[in-house]
Structures are given as structure tokens and as C-alpha cells.
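**Student:** here is my input, please return the structure:
(3 chains)
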Amino acid sequence: MSMTTLEGFGGRVALQVPMKALMVSCALVLAIVGVLTWSLMTGSYPMTSAEVWATLFGDPPSDTASTVVWEFRFPRTLVAFIVGAFLALSGAALQYVTRNPLADPSLVGVSQGAALVVVSVTILAPTMGYFWRPMLAFGGSLTVAAIILAAASSHRGGETLRFILMGIGVAALISSFTQALLTYGDIDRAMSALGWLAGSVHSVGWDEVRWLTATACIVMPALFFAARPLSAIRFGEDVATGLGIRVRVARWGLVILAVSLAATAVAAVGPLGFVGLVAPHLAGRLAHSGVGLHLVLTALTGALMVGLADFAGRAAFAPIQIPAGLVTAIIGVPVFVFLILRTQARSQL
Amino acid sequence: MTSEFPASPLTANGLSVGYGDTTILKNIDLDIAAGQITALVGPNGCGKSTLLKAFARILKPKSGHVTLEGQPITSYATRDVATRLAILPQGPVAPEGLSVTELVAQGRFPHQTLFRQWSPGDREAVERAMRLTDLEDFAERPVHSLSGGQRQRCWLAMVLAQDTPLLLLDEPTTFLDLKVQVDLMALLSRIVHEDGRTMVLVLHELNLAAAFADRIVMMRDGQIVAQGSGAEVIKPEELRAVFDLRSDVIADPATGRPVCLPRTSEQVVPLQSAAE
Amino acid sequence: MNATRTIFAATGFWLCIAGVLFAFLWHISVGAKAIPLGTVWQALVAPEDGVFDHVVVRDLRMPRAIFAISVGAALSVAGALMQGVTRNPLAEPGILGLMAGATFAVIIGIGWFGLAGTAYVPLFAAIGALIGAVLVWTIASAAPGGATPLTLILSGAAVGGFLYAIESAAILLNEDAFRNFRVWLSGSLAGRDMETYLWALPWFITGLVAAMVIARQVTALAMGEETAAGLGVDTVKIKFISLAAVVVLTAAAVSVAGPLGFVGLVIPHVVRLFVGSDYRLIVPFSAIVGAGYVIVVDIAARVVLAPIEISTGIVTTMLGAPMFIWLVRTKL
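**Tutor:** You can find the predicted model right below:
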């Protein structure tokens, strides 16, 4: 790892910067811009990249171009990126806190908790405003997270794979309730909920962009502050206490952050699976770095992953749209298997 | 039993600790001597690791308190404790892929802030810790690729980089080869006596404690049975009382320190009669 | 087995049979129009062609009750065999990828190869179940710890998630072909015809008979491979037969009812509580108790939110998942 130390303000500001990780971040940002352009160009009304950028900068070649980009493709692509970043960060935070490389919001039931609440709202109280969805989703996810952590904590917390197994069980249980609600509910509402449950970005608009951005403004700075406790917590409770961390406070704070990210993302587009599992892992492979930069890389990787998944699902079998959630699952499972094959040795029950 | 800083930087006063309904430590009073190695020894489950964790505020006492430099440890912010006292728990596990330098650098955590994450002082402390533990050759290697003894030295270096006057180590020599154990103990002894630090160790191996510790605290059933220098504590009758162990104690011809020779009941008789 | 135990076992066995029979009648009597148990009994024993209720019982309601019994028995016996042979308390056709494989194969077979004939459904399901089982087992064995309960469940979750995603995509691509499969996919006994069942019936019987035949050897295997080998059991042969039986039973159950989760997990554990560790008892008792369980669950699925019907698979999951969580907490 090539490190460069930056100092300023007479040593009061001093940061160690790994160059490679920074370069990888830049490459990821470029890739995201590329996917954005490509994604805006593609569809039943094809455009050139020049037209796309002209439209984005307020000089649309035609009214149709303006409508297609601003009303449909741009918000959708933005949501895909933001949701990807959220789920990836949520997975990374869960993995650090539980010291478990397999922790992922969709594997341990957190996404399903949010999904159950959102489906209940869609079916039982369809008139309820958009504003409440993310809040309620957050409540549902947090409840599930608390249940799993409490249930798994009889031995040694999330460090063991018992935690993941409990999560699989809880996820199955909650999904069955969601399914029951779907059979119970009105058929039209059930169908709309069903599309959402597959993890689909295609019906989102500026509303979702707005509250996702609002969440990002609150949670991202918090996560930035949390990077330091995170880096100590990954050594386990005793070592972290020895290093001067208030472990209990930090752990719950981080779980709440992780859950709020996952819940907001799920409330917007449904439970996209495996992003939180794959992105942190991939980011770690792209560049070895400290926790803070790893979080940045993870967010970028997640954004790119869901952006690409949405694009692929939209373009591959056009005009039929494959929900992004199915694409991420198909990409994600091989990585999941790879992780099972690798991490087993150290984390016994 | 009052603590006279700097004579005793760390004391336990009437300390009782337990999980749920079970009490593990019963009313412990102990002053840790400054500038010395204190070894906690005793049979399995006697509460020595619990005492160490209570000293490091990882476990909250049911009653009594721990004082650090004359003040109750609970009156410090946990980060301020971490700049005065470092603990190495038993069998820590490093996150995968971490390099030795990164692990050691983690010890600088309590000295850093959000905006001052890496100062020249941090670098010096890390380099020094790695020099002391002879890890410079492994600096960029992943921790997981190292042997048990090397890994234990990495963790020790992390705790040293924390740069605290007080060091608490829980069974640092477990699972290591005999030679590695001895080397490690010699290293610890050098660190304490050259740097003027204070160290508390939980040790399983009685003779290792006898050979390297300045003071030995013997525990049984959550209470302190005996304390003092090796010669004062390591005696056949004490070992019988604490460990249920029949033994003879002889003096090491080279150092004069006591050495315990465990005996079976058949063996113990002739030697004792020979001494008479 | 001493004499007292034999008597206990025999009494319990007949009591269970009586219970299942009662549940069977009850199942038939419940519905949009409640039919008294007496009429149900008459319709079964001495049907009269002209009586409307008798026609309803024999043509509409009885098939579903028979499906429930067969599926429950098949899945429970499959679960019992898997738990015994792999010595894994959490083994079950659903958890270890067999159901996902079977469902997947049926979807692909019907959707992509256009095999509408019901005769092929069990065959496709069997091939899929076998592939699912082999995949999960291969991944788990390649993991550093080997095929432990843990790795098996994790790779089961992985394979299941993967197949489910592809399945969902396939359905989206060809919605018309799969209109009738929506309900089936969530595990339901509703709307299946007798023809499918009759094609699956030989599979049910083969699987159950095979399970009974090898029950004695499975008891030995459950005590450990070396113990079994020491007792003169051909472990490879028994494992092979068990796998075949489990695949056949799962395939038959999935063809009739779709994936019913956790039945194979719950029932053998409950049975073991009462009859101990002898598979000569566990296998038949699992079959009977499982049959009763699914039939009662199916009653609940129809009654609780009537007139709306919940898929049976959803109810078995609601009941089985907590059991799974409890087992993870206590047995692992």
C-alpha cells in the first residue's frame, strides 16, 4: 500500500492517504458517470451521449428528449445509484459491527422487515402518504435487527455464523407474513406490491430522489464520524474497549445507521438482494485501505453495481423489464458462495 | 490500603465481579506495584482473567471499585483510560487482510481525533513498538500469514504503540512453543524494566511467572490467597493450597528464582525425606 | 425394542392413524358450504350418485385432502431420512436446495421446453431436486470446514436464492405461460387436478417403500459413519438409496403442491421427541404425523381468513421458521 501523509494547520490536521485507493475511487466515479450516460441514452427513445448531456445541462434538443431524460430516465438512474450506495454501506457497517463477512441486510432479515411494513401499508392503508413509508420501513427493520441481535447474542454476538442462520430463519418467517398479506389484499394493490418486492427501480420518480437525498444528508456525515469507532470495533469487543471505545453505544449507533440506510433504500425500490454482501467485499479487493476509504469505495461500488443491474435489467430483454433485484441476486449469489468457501475456517459457531 | 500514586497506579478496592447471579470475584483488594511485572496465577476458573478485565473496565464491578492513578476508573472518559492503560485480551482475532503495520497502528487510536488521524508522533510510536517486538521485517505482511508467536508479537506491538504506562495482558503465552514463550517473557520483562512501565499478566504457566514476574498474586475461588515475590509465594504448601498440587520447589542455580517441580504422590515422599 | 415399547409404539401408531383419519374427514367437511362429518363419512363409504353433497365430497374435496396427506407424508419422511443420513438436525428438502431445484426444473421444463403434459412434471422435479441437492452438497463440501450443518444451510440459501432469481426472471419474460403457476409457486394444494397426482403417485409409493426398507440401516448411520460401517452397513449403498428416496419424495411432493417449506424439518423432530432415535419408528411415524400436520395446516389456511385462502406453503413456513430459529439456537 503506497501511503502519502498530508499535514496542515501545524500538525492539527494530518491524514494518511493511500494513493491506490484514491485512484480506484476516481475510476469508479468515472465508471458511474459512464453508466449514467449510457443508461440515459438507452431506451425506446434512443439518444446520443451529446444529446443526453445537452439535456442535462439545460439545452435539450427536443421536448421529448427533455421529458424522457428529466421525467423518466434521470430520476430512475439516480435512485439506482443512491440505493446501491445505501445498501452497500449498510452491508459494510453490519459486517464490521458483527465481525461477520456474510452479514447483509437482505440475508439477515432487515430488508424483509422493511418490506413487510411497506407491503402492509400498500395493502392495508394505501392512502397513507409517501412521507411515512421510509419511517415505517425503518421501524420494521430496526425491530428485526434487534430481534436477531438479541436472539443470536446468547453466545458471542454477531461474530458467529449462528447470527446469519438466525437471520435466514427470521427472513423466511417475515417473508411468509408478507406473502400472506399479498394473498389477503386487493389484487391490484397486491400486484403493485409484488412488482416492488422483486426489487424494481422502474416506477420511481423525483419523490424518491428527494427523500433518499435527505436521508443521505443525515446519515452519510454520521457514518463518516463512525468510521473511526468502526475501525476499532472490528477487532472485537474487548480490544475495542481497551482502545477507548464505548462499545455498546457505538455498536447500537452503527446498527441504527445501517438499518436506516437499508430501510430507506428498501422503502424506495424494494428489497434488492446481495448488494450489501457483494459491494463491501468487492471494494476490499479493488484497493486495500483503511475503514474510512473502504466505506467510500463500498458506496461507489454499490452505486455502480445497482446502476448496472438496473440498466441490464432494462436493456437486456427490452421491452420487458427485469427488476434490478433479480439481476443483483444472480450476480450476488456466486460471490456469496465464494465467501462461504473462504470464510468458513475462522468463524466457527 | 490507600493508593499512593505513583507507588500504585492501579488498585482494586473491595472489588466483587460476576455474571448474572454468579459472583466470580469476591471482595478483592489489590495494589499493583509501579514499574514491575505482576503475574496473576491460579487454577482455571479462579477469576484471574475476570480480575484483569475488571481492571481494564471491560467488566463492571458489582461492588467496590478500581482506581487508576488515584482516581476511580469510572471517572475517566473511556478514551482517557485508553491513554493510560492498555489491555490485550486472550486470543484476539484480527480482521482478514490486515497488514502488520495496520494492526500496530490501530494502537494509536486513543491518541487520534477525526481531523488528526496520523501524526509524526503516531509514526514514531508505531515504529518503536515494531522495533521492540522485532517485527520490522514483517511490516507489510498480512497478519494471518504469520505464525502464532509472530502474531502474538503483533498484538503486543499494538498494545505497546498505545504508549500507556500500564499494560494488562491476558495469557499472552498460551498456545506458543516453549522457546517462543520464554522469548516473549524476556521481551516483556525488558519493556517493563527499561521503559519504566507497569505490567499485569495473567499466566497459566507457573514457572514462567516465577522466572520473570517481580510479584506474583495467587488466586483461588475468586479470592487472593497469597501475594509477594516469587520466593515468598512459590512454596510447596502454597501450591498445595492453591492448585491442589504436590510439588517440590528448588532454586534455579542460575538466577536463584524458585522453580516448581510437580510430583505425583509416590514421587513426593522420598525427596521430602531426603531433605529432612 | 422390548415388549412394552412395542405395545406403546403400536398404540401410538393406531392413535395417530385415527387422528389423521379424523383430520381427513374434517378437512373435507370444511369449505364454502360446511358438510357434516356424518355426510362426509357416508359419501366415502357408501356414495350415492344423486346426492349433491356426495358429489362435492368425492369429486371436489377429497382429492385435495389426499394431496395433503401424500405431500405431508412424503416431505416428512424425506426430512427424516436427510436428518438421519447427514446427521444434521437442520436438514430438510427445502433448506438444502432440493425444493428450489425441483421448482426451478418444473418452471424451466414447462416454460422453455413447453412440456405441458403432466406426466413429465414429476420427472422434471426429480431431475431438478437431484441437481439442487448435488449443487448444495458440492459447495458445502468444498468449504474449509466440510459439509457441516452450517455450510449446508448457507449453500442451500445461496442455491435457493440463485434459482429463485432466475425463476422470477423467466416468469417475467413469459407471463402468459406461467399464469397458472403463481399460486403453485407459493406452495398450494388448491387447483391441482387428479391427473397430476396420479402421475406422481408411483413416485410417492416408491419413495416411502424405499425409506421403510432402509430405516434400520439409517438408524446405524445416524450414530456415525464409522459406527455404521462397524455394524456391517454398506454406508455408500444406503446413502445412495437415501438420496434417491429423498429426491423421489421431494419431486412427487413438489409436483403436486409446489414448495411447502419446513414440513420436513418440523415433523421428524417432533416425532423423535416421542419415539426416540430408531428410524424403524421415526420413518412411519413421520409419514403419519406429517400427513396429519399438512392436512391440519391446509384446514387452517382455508379457514383463518375465509373466504380468502392463504397458500399452504405460507402457513407451513410461518409455523416452521420459528422451529428452525429455535433449533439454530439450541442445537448448533
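
**Student:** just give me the neighbour total for A:Ala222.
**Tutor:** 13 (other CB atoms under 10 Å in any protein chain shown). Quick note: C-beta positions are derived from backbone N, CA and C, even for glycine.

**Student:** an error on my part: the question was meant for A:Thr183.
**Tutor:** Count around A:Thr183 with other CB under 10 Å applied: 18.

**Student:** name the residues of the helix or strand hosting it that are buried.
**Tutor:** Applying DSSP states H and E as the criterion places A:Thr183 in helix A:162-184. Neighbour-count burial for helix A:162-184, counted by 16 or more other CB atoms under 10 Å in any protein chain shown, picks out A:162-183.

**Student:** excluding chain neighbours, what is closest to residue 42?
**Tutor:** Because you didn't say which chain, this covers chain A. Leaving aside its chain neighbours, A:Thr42 sits nearest to A:Ala315 (5.4 Å; criterion: CB to CB, 6 or more residues apart in numbering or on different chains).

**Student:** actually it's chain C I care about, not the one you picked
**Tutor:** C:His54 (7.2 Å).

**Student:** that's a strand at the one you found, yeah?
**Tutor:** No - read with DSSP: H, G, I helix; E, B strand; the rest coil, C:His54 is helix and lies in no strand.

**Student:** distance of the residue in chain C that chain B sits nearest to relative to A:Leu339?
**Tutor:** Closest approach of chain C to chain B (CB to the nearest CB) occurs at C:Pro144, with a separation of 13.0 Å. Note on C:Pro144: its distance to A:Leu339, by CB to CB, to the nearest Å, is 12 Å.

**Student:** next, residue 127: secondary structure please.
**Tutor:** No chain in the question, so chain A it is. Three-state call for A:Thr127 (three-state DSSP): coil.

**Student:** switch to chain C, that's the one I care about
**Tutor:** Quick answer, by three-state DSSP: C:Ile127 is helix.

**Student:** okay, now it: neighbour count?
**Tutor:** Residues lying near C:Ile127 (other CB under 10 Å) number 17.

**Student:** wait, what's in contact with it?
**Tutor:** C:Ala105 (CB atoms under 8 Å, 6 or more residues apart in numbering or on different chains).

**Student:** swap in 10 Å and give it another go.
**Tutor:** C:101-102, C:105-106, C:109, C:247, C:251 (CB atoms under 10 Å, 6 or more residues apart in numbering or on different chains).

**Student:** most widely separated two among these?
**Tutor:** The span of the contacts of C:Ile127, defined through CB to CB, is set by C:Gly109 and C:Val247 at 15.7 Å.

**Student:** among those two, which residue is more densely surrounded?
**Tutor:** Taking other CB under 10 Å, C:Gly109 and C:Val247 do not tie; C:Val247 has more neighbours (27 against 19).

**Student:** I'd say the more buried one and C:Met99 touch.
**Tutor:** No - contact criterion CB atoms under 10 Å: C:Val247 and C:Met99 do not qualify, at 11.1 Å.

**Student:** tell me, what's touching these two both at once?
**Tutor:** With CB under 10 Å, 6+ apart, C:Val247 and C:Met99 have common neighbours C:78, C:93, C:125, C:128-129, C:132.

**Student:** ok, and of those residues, which contact chain A?
**Tutor:** When CB under 10 Å from any CB of the partner chain is taken as the criterion, no member of the shared contacts of C:Val247 and C:Met99 contacts chain A.

**Student:** lowest pLDDT pick from those residues?
**Tutor:** Lowest in pLDDT among these is C:Ala125, which has 88.

**Student:** correct me if wrong: that residue contacts C:Thr103.
**Tutor:** Yes - in terms of CB under 10 Å, C:Ala125 counts as a neighbour of C:Thr103; the distance is 7.8 Å.

**Student:** neighbour count for these two, which is higher?
**Tutor:** C:Ala125 (30 against 26).

**Student:** quick one: pLDDT of whichever residue of the stretch 151-276 of chain B sits closest to chain C?
**Tutor:** The nearest approach of the stretch 151-276 of chain B to chain C comes at B:Arg151, 18.9 Å away (CB to the nearest CB). According to the prediction, B:Arg151 has pLDDT 88.

**Student:** which ones are touching it?
**Tutor:** Counting by CB under 10 Å, 6+ apart, B:Arg151 has contacts B:92-94, B:100, B:103, B:138, B:143-145, B:176.

**Student:** need the phi and psi values for B:Phe200.
**Tutor:** Small correction: residue B:200 is Val, not Phe. Per-residue torsions, B:Val200: phi -120, psi 130 (degrees, to the nearest 10).

**Student:** wait, doesn't it sit right on B:Ala39?
**Tutor:** Yes - using CB under 10 Å, B:Val200 is in contact with B:Ala39, at 7.9 Å.

**Student:** now do the helices in the chain.
**Tutor:** All of this is about chain A. For chain A, the helices defined by DSSP state H occupy A:19-41, A:49-56, A:63-67, A:74-98, A:110-124, A:132-152, A:162-184, A:187-197, A:206-233, A:237-242, A:247-269, A:275-286, A:291-315, A:324-343.

**Student:** wrong one, I was asking about chain B
**Tutor:** Under DSSP H, chain B gives helices at B:48-55, B:78-84, B:100-105, B:120-132, B:148-161, B:178-195, B:206-212, B:230-233, B:236-243, B:265-275.

**Student:** which residue is nearest the centroid of chain C?
**Tutor:** The centre of chain C sits closest to C:Leu75, judged by CA atoms, centre = their mean, with a distance of 2.0 Å.

**Student:** distance of it from C:Ala125?
**Tutor:** From C:Leu75 to C:Ala125 the distance is 13 Å (CB to CB).

**Student:** tell me, what's touching the two both at once?
**Tutor:** C:99, C:250, C:252-254.

**Student:** which of the residues you listed has the most neighbours?
**Tutor:** If you rank the shared contacts of C:Leu75 and C:Ala125 by neighbour count (other CB under 10 Å), C:Ala253 sits at the top with 37 neighbours.

**Student:** touching, that residue and C:Val294? I think so.
**Tutor:** Yes - in this structure C:Ala253 lies within contact range of C:Val294 using CB under 10 Å: 9.4 Å.

**Student:** overlap in contacts of these two?
**Tutor:** Both C:Ala253 and C:Val294 are contacted by C:67, C:70-76, C:260, C:263, under the criterion CB under 10 Å, 6+ apart.

**Student:** what two of those residues have the greatest distance between them?
**Tutor:** C:Phe67 and C:Ser76 (14.7 Å).

**Student:** fine, thanks again, bye for now.
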